[in-house]
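J.: Quick one, structure for this:
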Amino acid sequence: MIPLLLTLIPSIASLFAGPTAGAIAAQVGSIITSVTGVADPHTDAGQAAAMIALTGKPELQAQLQAKIIDAHLDASRVQAEADKADADARTAQIVAAVASQASARTQTVDLVKAGSGIAWGAPVVSCLILLAFGGMLYIVMSKSIPTGSEPLAMVLLGTLAAMATQVANYWLGSSAGSAAKNTTISDAIAGGAAPRPLS
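T.: Purely as a prediction, here's the structure:
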């Protein structure tokens, strides 16, 4: 029915594009019924009857166009709310990750201040991970891996690479750039001033 409508009201073509197109198309049948009184515009007979009812009736065409525009606005509002919810969820994940890293670093600092031997845990584990990653990378790049063990070696290398990234995030995350990022996110959550550019 949509191609037939566009022959009568070409100005609504842009409304059937973009992320809201599906939601609007699903309402076309009920909109046509409300305007023309045709019970089932999805059948060939119903489409013919709807076209007859609309042809040469500018007032009905204007009414139909207004209802389709309303459907477009409603669908756009729903899409905007869904996009905002998705953005809020991603922001919450970032905030949680930053808070987790900050908490871990703060705990290490507190242990150092208290003179606890546990404070050496993070540095030792970090060194072991980096050494293991470097050693595994050296083996993969320069040594002959036994036949059949290549997939396992690649999985191990990938796992160690991810762990090495976490080590870098843990230690380098205390830099000035990360501090500015933490402040920006905190300001956004508290509804404070406009966020500063992230470094």
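
J.: Only C-alpha atoms from now on, for both contacts and neighbour counts.
T.: OK.

J.: tell me how far the one helix or strand Ala122 maps to is from the chain's mean position?
T.: Assigning secondary structure by DSSP states H and E places Ala122 in helix 121-142. Centroid displacement of helix 121-142 relative to its chain, using CA atoms, centre = their mean, to the nearest Å, is 33 Å.

J.: same for the helix or strand following that helix, what does it pack against?
T.: Past helix 121-142, heading to the C-terminal end, the next element that is a helix or strand (DSSP H and E) is helix 150-172. With contacts defined as 3 or more CA pairs under 8 Å, 6 or more residues apart in numbering; DSSP states H and E, the secondary structure elements packing on helix 150-172 are helix 58-113, helix 121-142.

J.: now these as a markdown table including mean neighbour count, mean pLDDT and distance to Pro10?
T.: Listed next are these as a markdown table, based on neighbours: other CA atoms under 10 Å; pLDDT from 0 to 100; distance: least, CA to CA, whole Å:
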| stretch | mean neighbour count | mean pLDDT | distance to Pro10 |
| --- | --- | --- | --- |
| helix 58-113 | 15 | 82 | 10 |
| helix 121-142 | 15 | 90 | 62 |
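
J.: Out of the ones you listed, which is closest to Thr165?
T.: Shortest separation from Thr165 across the helices and strands packed on helix 150-172 is recorded for helix 121-142, at 9.3 Å, computed as CA to CA.

J.: Determine the angle, from 0 to 180 degrees, between the closest one and helix 58-113.
T.: Helix 121-142 and helix 58-113 meet at an angle of 110 degrees, taking axes from the mean of the first three to the mean of the last three CA atoms, to 10 degrees as the criterion.

J.: For helix 121-142, give me every contacting residue.
T.: Thr108, Ile145, Ala153, Leu156, Leu157, Leu160, Ala161, Met163, Ala164, Val167 (CA atoms under 8 Å, 6 or more residues apart in numbering).

J.: hang on, isn't the first one packed against Ala119?
T.: Yes: counting by CA atoms under 8 Å, Ala119 is a contact partner of Thr108 at 5.5 Å.

J.: Tell me how far Leu160 lies from Ala122.
T.: Between Leu160 and Ala122 the distance, using CA to CA, to the nearest Å, works out to 16 Å.

J.: Please state the mean pLDDT value computed over stretch 16-28.
T.: For stretch 16-28, the mean pLDDT works out to 76.

J.: With stretch 169-184 instead?
T.: Mean per-residue pLDDT for stretch 169-184: 59.

J.: next one: stretch 98-112 to chain centre, how far?
T.: Stretch 98-112 has its average C-alpha position 29 Å from the chain's average C-alpha position, going by CA atoms, centre = their mean.

J.: Then stretch 78-86?
T.: Relative to the chain's own centre, stretch 78-86 is displaced by 10 Å; criterion: CA atoms, centre = their mean.

J.: Same question for stretch 143-154.
T.: 37 Å.

J.: Touching it from outside, list them.
T.: Taking CA under 8 Å, 6+ apart as the criterion, the residues outside stretch 143-154 that touch it are Ile139, Val140.
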